[in-house]
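Trainee: Have a look at this prediction, sequence included:
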Amino acid sequence: MKRAVMFARAIQSKTGMLIIDRRLRELNWRLGTNASVGSNAGPELYTAYKQDPIKNRPPNSDPREAAELILSLWSDILRSMSHEDFHRVALVTHNSAKILLCSILGEALSRYRERRIDNASITKIVIDKFGKAHIEYENKTDHLSEKT
């Protein structure tokens, strides 16, 4: 979470506020590709997990927990801001953003691992006048390219 907080502080001057919320923390389930890499999973569980991370999760881990956290934060954000203020929100997250995107798109939570979010990419979520979220663009990285 340290790097995410550092980045959030760097863009704070653009958004005007900074809220650090533990619901955005990275969940580390120590899932390895073989039994020696991850203490919680062997190769069979890892393969099954990649196919369906909800049904085949490592012991003591549950993506539904991450979903509850990010969706409760999202709900709090929507309730606390007027429609005119939504342009001021920047969420700096780890993989929990994938869960939020699945929710907005109406996709099954089990598909969250299929979403791609590159480091330092930007996804823009627009809230319409009815309070419904839409994704304007996802995983945008052109701001990272070298200027010539």
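Mentor: It's in.
Trainee: hang on, isn't Asp52 packed against Ser110?
Mentor: Yes. A contact is recorded between Asp52 and Ser110 when judged using Cβ atoms under 8 Å, the distance being 5.1 Å. For glycine as for every other residue, the C-beta is placed from the backbone atoms N, C-alpha and C.
Trainee: what's the nearest residue to the residue nearest the centre of the chain if we skip its chain neighbours?
Mentor: Relative to the mean C-alpha position of the chain, the nearest C-alpha, by Cα atoms, centre = their mean, is the one of Ala97, at 1.5 Å. The shortest distance from Ala97 to any residue other than its chain neighbours is 5.6 Å, reached at Ile117 (Cβ to Cβ, 6 or more residues apart in numbering).
Trainee: separation between the one you found and Gly131?
Mentor: 24 Å (Cβ to Cβ, to the nearest Å).
Trainee: Please identify which of these two sits among more neighbours.
Mentor: When Ile117 and Gly131 are compared for neighbours, Ile117 comes out ahead with 18 against 10, by other Cβ atoms under 10 Å.
Trainee: Find me the pLDDT at the more buried one, would you?
Mentor: We have a pLDDT of 87 for Ile117.
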